[in-house]
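[1] A structural model of the following input is requested.
(one chain, ligands or ions: 1)
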Amino acid sequence: MIEPAIHSLPLPSLLIGGKRLRDASGGEQYHIYAATGRATRGIPLAGPLEIDLAVREAQAALPGWRKTAHRDRGRLVRAIGEAVLAHAEELAAIQTVETATPVAFSADFPKAAASYFHYNAEWADKIGGEIVPAGAGTFNYTIDEPYGVVAAIVPWNASLVAASQVLAPILTVGNTVVLKPSPLAPFVALRLADLALEAGVPPGVINVVAGGAEAGEALVRHPGVSKIHFCGSRDTARRVMAAAAENIVPLCLELGGKSALLVFSDADLLAAARHSMSAMAGLSGQGCALPTRVLIEKEVCAKFLVLLKGLVRRLAVGDPMDAGTHMGPLISAEACRRVLGVIESARHQQHGKLIAGGNRMDGDLADGFFIAPTIFADVDAESALAREEIFGPVVSVITFEGEEDAVRKANATSYGLSAFVWTADLLRAHRASAAIEAGTIWINGMAALTPSMPFGGYKQSGFGRVGGLAGLREFTRPKNIWLRLDAPNERIN
Ligand code: NAD
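    All right, here's what the predicted structure looks like:
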């Protein structure tokens, strides 16, 4: 196993008001490199004390940041994107150590992250409000105002992209932010905030406070927070919603998924099988929009499974630092135990037939948190295996007969983040896309996300959007202003 580039990690700290805090009241947690199970660095965790400090610093920085001319704010947001590109290698290296994402995949993250800063920066001086026809003798208009201090709580997976997707719109429209990364992956967010400071973003505009549930709750309940963006699991979202109810703070929730990949018999089966592999390769199944449920038309299922098994055999699982690796470990020992438990329970309850993997990997990989790429065939569409997010390299293959059955099975989950349709019949592709309850549908292609796409959930995958103008609007609210033009003693209807 190649030694991870621990030297590339920034010194763990909190970043509050432009200052680094090495000690924090929430204690310390060791970051573990998931490929070897060995500790890298101790991370100071924010407690309620540091959360309060961070919100106050964000409040103090707010008037100056709001007053910054739109064009200048846009220029600074763009400069963050430029800095991300200039430090792409370093950020990718941090990402690989932080989450054990194979280098071949983390190498793409900086470009994706930068694109969100570049896209949003373009909007800085192009949105502002509108004139409203509100009756004769009046002048009525709206101003798109920032909320104020935004709490952005991000997950550990693809942490560079997850943080950039929200920082860019939050800053562009004049909010300041307290960003809370997961204690499992605190480094890349810290380096990103450093780069923003170096690019000229004033201290206090971005504050970074790694911490766990206690820090997250304190942030959500803080009376100085005016908007919450939460990206993470459904269970945590329920707690966040309950806590946000205290101060009636608006939320945007980007949650998990159980995305269906529908393969009709007229599809390019090899391309669809390759696409299915993305549910395991790259992120080891630890992504919100991965095609973890493959719905295949019955008559081509046997052929499809042969293709899929052939591809799985060629999947290089192992050292994330090796450029030839396709799939790395899970994030933690706990995640490993949890996913193995799901597999065991699915086998026990006969939710499907295990045709590949299902085990923790041994030999050179025994100390890391590796689970072999796992495929269940003949999966019962109503079972927990088919309906619940697993967040590990586990694919469920389910058969269907005809379009109606395919759509019904695609919708048989409480999630609705995304779906994929593979067919040569484009009319059917559009019909199915209209009928599937999910926020994003990809037809005959891979899950490429661009910053102009409004990405977000239906059903229990959340609400609100990241990306596009909709993603920017998440962080503004219209203030309406009414002005009487006639003499004050005249009545206006
Ligand atoms: P998680 O819910 O465990 O944690 C998410 C964040 O919430 C972390 O920063 C965590 O420290 C914090 N947190 C934990 N308890 C909290 C509490 N009580 N109050 C406030 N904050 C709290 O999720 P995770 O394991 O970090 O990430 C994986 C999940 O995120 C998966 O479900 C995945 O699908 C989802 N996800 C969704 C998207 C999307 O865009 N829809 C993107 C990435 C990940």
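[2] does whatever residue of the stretch 101-250 of the chain ends up closest to the ligand lie in a helix or a strand, and which?
    Going by C-beta to the nearest ligand atom, the ligand is nearest to Gly216 of the stretch 101-250 of the chain, at 2.2 Å. Heads up, the C-betas are built off the backbone N, CA and C, glycines and all. Per DSSP states H and E: Gly216 is located in helix 213-221.
[3] the residue of the stretch 101-250 of the chain closest to the ligand: neighbour count?
    By other C-beta atoms under 10 Å, the residues close to Gly216 number 24.
[4] am I right that it is in contact with Val154?
    No - when contacts are counted by C-beta atoms under 8 Å, Gly216 is not listed as touching Val154 (10.5 Å).
[5] identify the contacts common to these two.
    Lys180 (C-beta atoms under 8 Å, 6 or more residues apart in numbering).
[6] and the residue of the stretch 101-250 of the chain closest to the ligand, what does it touch?
    With contacts defined as C-beta under 8 Å, 6+ apart, Gly216 is in contact with 153, 180, 236, 240.
[7] may I see the buried residues of the helix or strand containing the third one?
    Assigned by DSSP H and E, Thr236 falls within helix 234-244. Using 16 or more other C-beta atoms under 10 Å as the test for burial, helix 234-244 gives 234, 236-237, 240, 243-244.
[8] so that helix versus helix 213-221, what angle?
    40 degrees (axes from the mean of the first three to the mean of the last three C-alpha atoms, to 10 degrees).
[9] the helix or strand just after helix 234-244 and the ligand in contact?
    Downstream of helix 234-244, the next assigned helix or strand under DSSP H and E is strand 251-254. Yes - Strand 251-254 comes into contact with the ligand (C-beta under 6 Å from any ligand atom), by way of Glu254.
[10] who are the packing partners of strand 251-254?
    Here strand 251-254 touches strand 227-231, helix 234-244, strand 462-463, going by 3 or more C-beta pairs under 8 Å, 6 or more residues apart in numbering; DSSP states H and E.
[11] any chance of these in a markdown table, plus distance to the ligand and mean pLDDT?
    Below are these laid out as a markdown table (distance: least, C-beta to the nearest ligand atom, whole Å; pLDDT from 0 to 100):
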| stretch | distance to the ligand | mean pLDDT |
| --- | --- | --- |
| strand 227-231 | 5 | 98 |
| helix 234-244 | 3 | 98 |
| strand 462-463 | 6 | 98 |
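[12] to Phe475, which of those lies closest?
    strand 227-231 (6.6 Å; C-beta to C-beta).
[13] that closest one pairs with which strands?
    Applying DSSP bridges, strand 227-231 is found paired with strand 149-153 (parallel), strand 251-254 (parallel).
[14] which of those is buried the deepest?
    strand 149-153 (a mean of 27; mean count of other C-beta atoms under 10 Å).
[15] next, the angle strand 227-231 makes with the helix or strand following that strand.
    Past strand 149-153, further along toward the C-terminus, the next helix or strand under DSSP H and E is helix 159-172. With the same axes, to 10 degrees defining the directions, helix 159-172 sits at 160 degrees from strand 227-231.
[16] how far out from the middle of the chain is helix 159-172?
    Relative to the centre of its chain, helix 159-172 is centred 10 Å away, using C-alpha atoms, centre = their mean, to the nearest Å.
[17] need the residues of the protein near the ligand, please.
    153-157, 162, 180-182, 212-213, 216-217, 220, 231-233, 236, 239-240, 254-257, 288, 389, 391, 417.
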